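Engineer: return a 3D structure for these sequence lines:
(2 chains)
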Number of protein chains: 2
Amino acid sequence: MFRGLAGLSTFEQTAIWIVLALAVAGLVYAAWLRGQILAYETGTDRMREVWGWIRDGANAYLSRQFRTIAIAIAVLSVLLFLSVYLIPPTPEAEEVWGDNAVMAIGVGRTIAFLMGSLFSYAVGYVGMTVAVAANVRVAAAARRSYSKALEVAYRSGTVTGMLTVGLGLLGGTLIFLFYGISAPDALLGFGFGGSLIALFMRVGGGIYTKAADVGADLVGKVEANLPEDDPRNAAVIADLVGDNVGDCAGMAADVFESFEVTIVAAMILGIVLGTAEVAGGGTFNPYYLIFPLLARGVGVIASIIGTYVVRTTDTERNAMGAMNRGFYLSAAVAVVGTLLIAFIYSNPGLNNGQGGIDFRPFLAITAGVLLAIALDRLTEYFTSTHFSPVRETSKASQTGSATNILSGLALGYESSVYAALVIGVSIFASVLIFRGGDLIAVLYGVSLTGIGMLSLTGNTISMDAFGPISDNANGIGEMANLEKSARDVMDDLDATGNTTKAVTKGVAIGSAVIAAVALFGSFFADVLRAQHQVLNIPLNVTDDPRLLSGINVALPSVFIGLLVGGALPFLFSALTIRAVSRAASLIVNEVRRQLRIPGLMEGRVQPDYAKAVAISTTAAQRELVTLGVIAVLSPIVVGFLLGVEALGGFLAGTIVCGQLLAVFMSNAGGAWDNAKKYIEEGNYGGKHTEAHKAAVVGDTVGDPLKDTSGPALNPLLKVINLVALIVAPIVVTVQGEARTPGAITIVVMLALIGVIALAIMRSKRNSDELAESPTIAPVSKQA
Amino acid sequence: MFRGLAGLSTFEQTAIWIVLALAVAGLVYAAWLRGQILAYETGTDRMREVWGWIRDGANAYLSRQFRTIAIAIAVLSVLLFLSVYLIPPTPEAEEVWGDNAVMAIGVGRTIAFLMGSLFSYAVGYVGMTVAVAANVRVAAAARRSYSKALEVAYRSGTVTGMLTVGLGLLGGTLIFLFYGISAPDALLGFGFGGSLIALFMRVGGGIYTKAADVGADLVGKVEANLPEDDPRNAAVIADLVGDNVGDCAGMAADVFESFEVTIVAAMILGIVLGTAEVAGGGTFNPYYLIFPLLARGVGVIASIIGTYVVRTTDTERNAMGAMNRGFYLSAAVAVVGTLLIAFIYSNPGLNNGQGGIDFRPFLAITAGVLLAIALDRLTEYFTSTHFSPVRETSKASQTGSATNILSGLALGYESSVYAALVIGVSIFASVLIFRGGDLIAVLYGVSLTGIGMLSLTGNTISMDAFGPISDNANGIGEMANLEKSARDVMDDLDATGNTTKAVTKGVAIGSAVIAAVALFGSFFADVLRAQHQVLNIPLNVTDDPRLLSGINVALPSVFIGLLVGGALPFLFSALTIRAVSRAASLIVNEVRRQLRIPGLMEGRVQPDYAKAVAISTTAAQRELVTLGVIAVLSPIVVGFLLGVEALGGFLAGTIVCGQLLAVFMSNAGGAWDNAKKYIEEGNYGGKHTEAHKAAVVGDTVGDPLKDTSGPALNPLLKVINLVALIVAPIVVTVQGEARTPGAITIVVMLALIGVIALAIMRSKRNSDELAESPTIAPVSKQA
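Structural biologist: Prediction:
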């Protein structure tokens, strides 16, 4: 039954079971923390009333989201199951399953896909419900103690973090246990399920949160002069729900996906490496497969220790310091733990099958830990009020909105260059560490770098979820009129949460890029394997001219793939910005309508919060469909039109432009946000100055960039790579020996341009219709 | 002496002389037009006075620019001459020059480099002086007749256009005449000279023009409430000069460079193709080399005819229609002429050396003509007030600056996707046209597509220069208080000029991308040739494992190259935006200082215009140095650190991201500009509304994007490709057989990040110092 254990040494078999136990331990720890949080008091009746609205809104979103997702999952499950009938089974699958190979792989891939989807949704769902359960408790705790409030807020984030770590490791280990060296097909399904849900959660959440936020602000603050979080604003609950939807559910699903995809890539490449390197008497060296699982196990321990120590005192009140301490402790535990494993578990394939200590995986993982720290510090440098870039943007606000915007654009562009260089250096570290090994070995190193980065997942997600939880607590405090001492505590936590939320975005993007590069590496191996099978070339023949010799961008069709791939993140960004604008205008209309209800402005009538929640929810789901279809279909279209090598170029283009654009948008947005805050702290005249007004414009521009468009690119990178991996063998089968695509292609490409043009024009017309409606265009009406 | 004629048939020899004659004819036509323009009257004394200041400012800029350039050219000439000693001469060079090969190639490359630099500078210089000579004459003509004013404005642009066409063709033809099949080395020098000067003219001009524009507006319009072009504003002349510097000199040098680089790429690839394909009794088929020269000759005729017919009547007053008519006529003449050549000049290499009609080059050139038209229409769609994108941005201005900015960002992103797809289709056209041929043949097709695009150079430059000329005429009209009827004519021409100026940017970017792709193709051929020589592999051996088998982005170091290359345009954009801000703040200080001079505001004292001109000029030149160094050094650093294949990845990354960013910035900027104009036409409340104020913010943000950062990327793409081509053989020599780079690399990369960080921090400190100075920060002082 446990086909993965066949051929493993007792030590290795024990190791697998220990990893499984650690995965479960992570989940148990998460459950324990959750119980601890739920045991806290929930404050006054008014607090519970406000909290009830948020909870209902969050549940409404999650159940609606689930319906959209369920349809997509159902359709794709069938397609995935059928996909294995289009390609011959791999030699490994035949070795493990014999005549039942096709059916076994089809079932495995489908179940793994469902598992990946379910786990990803569960991480988002639980993360969000715990966050929603926690916010009122943080508000209640803030009335008594700073340190207690920090503890509740941080630990409820840790629940999600441990869930991510536990489920990600559990899924990968289970698939290996049941499928052994035939695992890659199922692993791809697992990764694809997680990525697809992450795309939905990220994009849907991003559109939801910014539509509610921008909509609430445009009418509430600008037109009706209501303060932030005023209970008369019908969109205020949608706005609070949005923070959870975007930064808890969306971010958790996104990081879970990277966590999952790096282990998937490491296992697939580890199997390829292990198959090529016969160790001892066996036919397969399992070292490269088991090491990453063990390293992930260490990550579970590191996460538990590093998150548990996060606490401060009521006199010290240093939330940021406590979180950073935990972060570095996790990093240290992860590095030391991995080094111990390298000493204990020697690689049986070294020294001509005699075995030996292998420091290479340890070094690659350490490079990943360092990369996570470097990206954290880099993001902090560019988006925190303590450093010159943000201050410069604040200063530029003095000469108006235009100079504020230009300063933020330059800052964002610049930060993306540094991030690219840092990521480049970390990939190059693998080249050096696996020097002398082949391409697969180096790419394996890149996937280990990703595993290293995500050793700190527990801390990263805790720090990220801390943001919306303390933001919501603050909102509940405002709406429930809590005493000043409690508000002060929450204000401090809220401000810290803004920074941690911004900083973790850097790691989220970086891990997405590294995960995508690792998948991109698997793509090359995948295509070669498929070509060997389809073209009936023996595996030991590597110089057949029909085989893919590389992804050669000097070939025109590959270059076109690169160009089109590079354009994809730009298209995605354009569409997500527009989607937010459209959804926000619907919210604006609704809030205006409700403000005209007699008695509402006087506070006698309560607004219909559920209506605004429903509008945001529905709008986000509708916009999602187009974006999801583009993400899934574009690699398929490029693959069939331009061929498998051009598909490789397409992936590379999307990764490179996606990384640069995502960092640009995320950091520019974060900097604009904090440039405004820096002015609000009293610099350059403080609030109610022209400089502040200019900075508000920058903040509003940055909002959809940093919370919708930028984050949407992370799952995009992984989804297109996974779709490409799944489709590549089919493309190879169809393409056969032909390396250049047919003349039909240009016609289809022109038709595609036409179709996209039509689609965009249609969406434009929709937005035109919205904008034509008489209730829009407030400023000119009031002017 | 004319080694290029050796082995050619009489027909071919005659063809070369005819091409040379056509090149000269283009120059003679330019000179004739110039004489015609200079013969027009120059209006009133006051007009001549204002004009004198502009002329002096323009001359001051050009002579200062020349000094900066002269130093760079001198240093690089020596380095280029020495570079040929680092690599063994090519077999072709030895065939043509025997033992003198090294010296002959060194001299040829250096002289060609000087010629390219000189021609490029001459195009910019003459283009600008003619434009400056024309503006006052347009103003004078506008007092009598609309059609006459259009004729003067358009034809003075044609002078530059014909100069571009004539000099580009002359240079390429002369080099072939003297160097024959050993021409590639010299051609690279020719291309590099032109590209480098174009980079200087584009970047310097872009910084100059926007510093003056933004500086003049910030103090003049915002602080002192002076109207546009008010003579009391000390920066008004610098602003008018800036239009010429940016849109005449910069654009002309940029297009000249594309014109030159496409012929260079076509000739290099044509020689490779011709050498591989032995025709008749000879050893070399010159068809692929001579066809593009003949097509360029046709382009000269097409440009003369198509520009000559541009005229309208005083009752019709349709400047745009007349220019479009000329554009399409040129296109038709170019296509028909090229088809005729295809019929007359049969390819001796076809049908096993018996010869035959070859439609492939004709088709590739036609694809280029269609591409130019498609990009024109695409740019017009996204940036003209007649279509929905710009109107939507206008509409978004009603809800404030933030929504205006977001709408423009989405529009810019979207337009870059379309441009990428259109360019992708046109490259794919070459794949189809040269189906069955090898990679070099397809890339040769891409370079012919570039030649086709630039058949319309005469019209493109005329339409572009028309913008600043009519803008300047309008400024002279304002400052000289001309009568309303004349102002109406100039207002109309000025508005049309804004559109034509925006539209031609699409072709400029497109031609830069196609030229860069063609060069990128030559890069691959160049590296292979160098490897054959350095590694002593016979030319007929193509499967030696030490040879470059492709630019394989699946290799980690190549992927890193791609990532770093992609980051380069982002870095360039960040630096150019900052450079404009810095230079503008210097102008702001100066204008403020002068406004405080007693009597100046009352008009009794004349401002010191030359001072503002000098400040803009000096600032632009200083900023230029960093950018020039980055452009020239980055491919060298990547090549030596990561190897020649990673250098290929670097080039591909820069081309892809450069194209997307350039189109994004250029179209977003154009759209913001026209969204403001659309409101000024009376829509959404017209001037003096909140919507208009919001649109002004967008326009100010867009200005440096569309006129500095975006255009700067065009020459960047070509410069890095040419530097890579020149450096590649040296990298191959140094690298030898090693395909993966040394461990030292990671250290150097980290050091590089440090150095860049320091450089940027230093430049930041400079800007901090500027911003700290008490005379800045006007808004908060006034608030």
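Engineer: for the strand or helix carrying A:Val152, packing partners?
Structural biologist: Taking DSSP states H and E as the definition, one finds A:Val152 inside helix A:146-179. Where contact means 3 or more C-beta pairs under 8 Å, 6 or more residues apart in numbering or on different chains; DSSP states H and E, helix A:146-179 is packed against helix A:10-38, helix A:101-142, helix A:183-216, helix A:251-276, helix A:287-308, helix A:319-344, helix A:457-479, helix A:484-534. Every residue, glycine included, has its C-beta placed from N, CA and C.
Engineer: mind giving me the packing neighbours of the fifth one?
Structural biologist: It refers to helix A:287-308. Taking 3+ C-beta pairs under 8 Å, 6+ apart as the contact cut, helix A:287-308 packs with helix A:10-38, helix A:146-179, helix A:251-276, helix A:319-344, helix A:360-383, helix A:439-453, helix A:457-479.
Engineer: what about the stretch 101-250 of chain A, any weak spots by pLDDT?
Structural biologist: In the prediction, the stretch 101-250 of chain A carries no residues with pLDDT under 70.
Engineer: in the stretch 501-650 of chain A, which spans are helices?
Structural biologist: A:556-595, A:609-642, A:644-680 (DSSP state H, counting those that start in this stretch).
Engineer: mean neighbour count added to the helices and strands packed on helix A:287-308, as TSV?
Structural biologist: Listed next are the helices and strands packed on helix A:287-308 as TSV, based on neighbours: other C-beta atoms under 10 Å in any protein chain shown:
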stretch	mean neighbour count
helix A:10-38	18
helix A:146-179	27
helix A:251-276	29
helix A:319-344	19
helix A:360-383	24
helix A:439-453	29
helix A:457-479	30
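Engineer: so which of those helices is nearest B:Val732?
Structural biologist: Ranking the helices and strands packed on helix A:287-308 by proximity to B:Val732 (C-beta to C-beta) places helix A:439-453 first, at 21.5 Å.
Engineer: mind giving me the packing neighbours of the closest one?
Structural biologist: helix A:251-276, helix A:287-308, helix A:360-383, helix A:401-433, helix A:484-534, helix B:556-595.
Engineer: any chance of those in CSV, plus mean pLDDT and distance to B:Val236?
Structural biologist: CSV is the format used below for the helices and strands packed on helix A:439-453 (pLDDT from 0 to 100; distance: least, C-beta to C-beta, whole Å):
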stretch, mean pLDDT, distance to B:Val236
helix A:251-276, 88, 52
helix A:287-308, 93, 62
helix A:360-383, 92, 37
helix A:401-433, 91, 20
helix A:484-534, 85, 43
helix B:556-595, 91, 9
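Engineer: out of the ones you listed, deepest packed?
Structural biologist: helix A:251-276 (a mean of 29; mean count of other C-beta atoms under 10 Å in any protein chain shown).
Engineer: does chain B sit close to that one?
Structural biologist: No. Counting by C-beta under 8 Å from any C-beta of the partner chain, chain B has no neighbours in helix A:251-276; the shortest distance is 12.6 Å.
Engineer: now that helix and helix A:183-216, what's the angle there?
Structural biologist: 160 degrees (axes from the mean of the first three to the mean of the last three C-alpha atoms, to 10 degrees).
Engineer: show me how far helix A:251-276 is from its chain's centre.
Structural biologist: 15 Å (C-alpha atoms, centre = their mean, to the nearest Å).
Engineer: please apply the same query to stretch A:74-92.
Structural biologist: On C-alpha atoms, centre = their mean, the centre of stretch A:74-92 falls 26 Å from the chain's centre.
Engineer: counting neighbours, which bits of that stretch end up buried?
Structural biologist: A:76-77, A:80-81, A:83-84, A:87-92 (16 or more other C-beta atoms under 10 Å in any protein chain shown).
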